[in-house]
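*Asks:* fold the following.
(2 chains)
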Amino acid sequence: MTFDLMVMVVAALLAVPFSWMAPAARAADGVAVWTFLVLVILSPFTAAWLGIASILLPLTMSVGDRFGGRGLLSLFWCLFLTAALFFSRIQDWFLLIGAAYFTLRLMHVQLEWWMGRQGRPGVLAHLRYQFFLPVLMTGPINRFSEFARQWDRRRWDSKDFFAGAERALLGLAQATVLGSWIMGKVGDRLTGLAGADGGGLWFWAQSAADWVQLYLTFAGFSSFAIGAALMIGIRIEENFNRPWQARNLIEFWSRWHMTLSSWCRDYVFQPVAALTRMPVIGVLAAMMAIGLWHDTTLYYVLWAVWQALGIVVSHLISRVPWPGRGGTMLNAAAAIAGPVFVAIWLTATRPVVTFVLEAF
Amino acid sequence: MTPLGRLLFRFLPGWAVVPVLAVIYAALLTGIVFTLRNVPDDHVYIDVRD
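*Replies:* Below is the predicted model of the structure:
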């Protein structure tokens, strides 16, 4: 287990007593200061980067409010933050803990202001939002307005506190014991078999095991973050909603890493689809954003094309006027065939993309 | 009562819920500590430095 992750898990739990010991009006400030100190210890550059960006963002918004130029200002911030995120992946010294998550949070605040859906946040309120330790390391990519509302409504509730503690414990166990330990061993075994067999079905099985491991680990850490936040008295948006039950890929992406999907829907899919009047371009752009958010490689470019193709196929299938549509038998068959199709498409991602990469 | 406690309450007599809950929590904590000590870094799918 990485040292940084362990430190952040322990530090997120330590934020809980701090938040309840501090005066209610200063609890959010206390958690933010604690988060800043933890970041300073782990990565001073990250602490400085996030601190400066969190202060400058609302300040430049106030300039935009006074003198205009909201669009240009927002474009600059989005390009600058995206470039910084990609740069951090190719330069070892430019390591930013949780950069993939806080970059999207910064852009969310900027874009909501640009679209006029949200006013300019105060500097302190924005710092509190960005420096919230439970969600800093692995998300969810929570929204500013809901976060601020939660702090306003915050009060002690022992039921929530213990439910949060239990969820954090279960989430951490899911991520570590099931996701890292057991699935790590399964992955090793499948890697050996895929290597000996030269690929084929074992390679596919390895891809399936990767999805299972990703789900267990990621949903586990999301649960930990949501549980730790609930112990502090803050409800954070859910990140996974039983994705294995999805009947098609459109539904799958609204159940898997929901805060990232909704971010891409709001700030990539909808604007691109509206501008081009072609939803399929919007889908491709959104999947490209999700893919490149994971890693800036050709693999993820092709990964995005494959996922976008799956969504288009799902959409076309849903429009086919099957005879007797709506019947009980057909609904029951769809309930089984849908998740099977989703599983096959997703687990085929790695074999297909690897094949294409090797072929060209 | 926690969500897991409520779930156990549906299947166990009331007096057994708290001891069983304690055993589950202890097992989970033991598993987490064991994993944190023994699992190599490359088995951890999520890297916070990203």
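
*Asks:* could you pull out the helices in the stretch 151-300 of chain A for me?
*Replies:* Taking DSSP state H, counting those that start in this stretch as the criterion, the stretch 151-300 of chain A carries its helices at A:158-173, A:183-197, A:201-232, A:249-253, A:258-264, A:270-276, A:279-294, A:298-319.

*Asks:* is it possible to get a markdown table of the ones you listed that adds mean pLDDT?
*Replies:* A markdown table is the format used below for these (pLDDT from 0 to 100):
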| stretch | mean pLDDT |
| --- | --- |
| helix A:158-173 | 96 |
| helix A:183-197 | 79 |
| helix A:201-232 | 92 |
| helix A:249-253 | 94 |
| helix A:258-264 | 96 |
| helix A:270-276 | 95 |
| helix A:279-294 | 94 |
| helix A:298-319 | 92 |
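
*Asks:* of those, which is nearest A:Ala333?
*Replies:* With CB to CB as the criterion, A:Ala333 lies closest to helix A:298-319 of those, at 12.9 Å. Every residue, glycine included, has its C-beta placed from N, CA and C.

*Asks:* does chain B sit close to the closest one?
*Replies:* No: counting by CB under 8 Å from any CB of the partner chain, no contacts exist between helix A:298-319 and chain B, the nearest distance being 13.1 Å.

*Asks:* in chain A, what residue comes closest to chain B?
*Replies:* A:Gly184 (3.1 Å; CB to the nearest CB).

*Asks:* returning to that earlier point: closest to A:Trp345 out of the helices of the stretch 151-300 of chain A?
*Replies:* Put simply, out of the helices of the stretch 151-300 of chain A the one that sits nearest A:Trp345 is helix A:298-319, at 4.7 Å, with distance taken as CB to CB.

*Asks:* list the helices and strands the closest one packs on?
*Replies:* Using 3 or more CB pairs under 8 Å, 6 or more residues apart in numbering or on different chains; DSSP states H and E as the contact definition, the elements that helix A:298-319 packs against are helix A:249-253, helix A:279-294, helix A:328-347, helix A:349-359.

*Asks:* at 6 Å what do you get?
*Replies:* Other helices and strands packing on helix A:298-319, by 3 or more CB pairs under 6 Å, 6 or more residues apart in numbering or on different chains; DSSP states H and E, are helix A:249-253, helix A:279-294, helix A:349-359.

*Asks:* for the ones you listed, which one ends up most surrounded?
*Replies:* Among these, judged by mean count of other CB atoms under 10 Å in any protein chain shown, the one packed with the most neighbours on average is helix A:249-253 (a mean of 22).

*Asks:* who are the packing partners of it?
*Replies:* helix A:298-319.

*Asks:* and the helices and strands packed on helix A:298-319: which comes nearest A:Met21?
*Replies:* For the helices and strands packed on helix A:298-319, the distance to A:Met21 is smallest for helix A:279-294, at 36.6 Å, taking CB to CB.

*Asks:* elements contacting the closest one?
*Replies:* Packed against helix A:279-294 by the contact rule (3+ CB pairs under 6 Å, 6+ apart) you find helix A:258-264, helix A:270-276, helix A:298-319.
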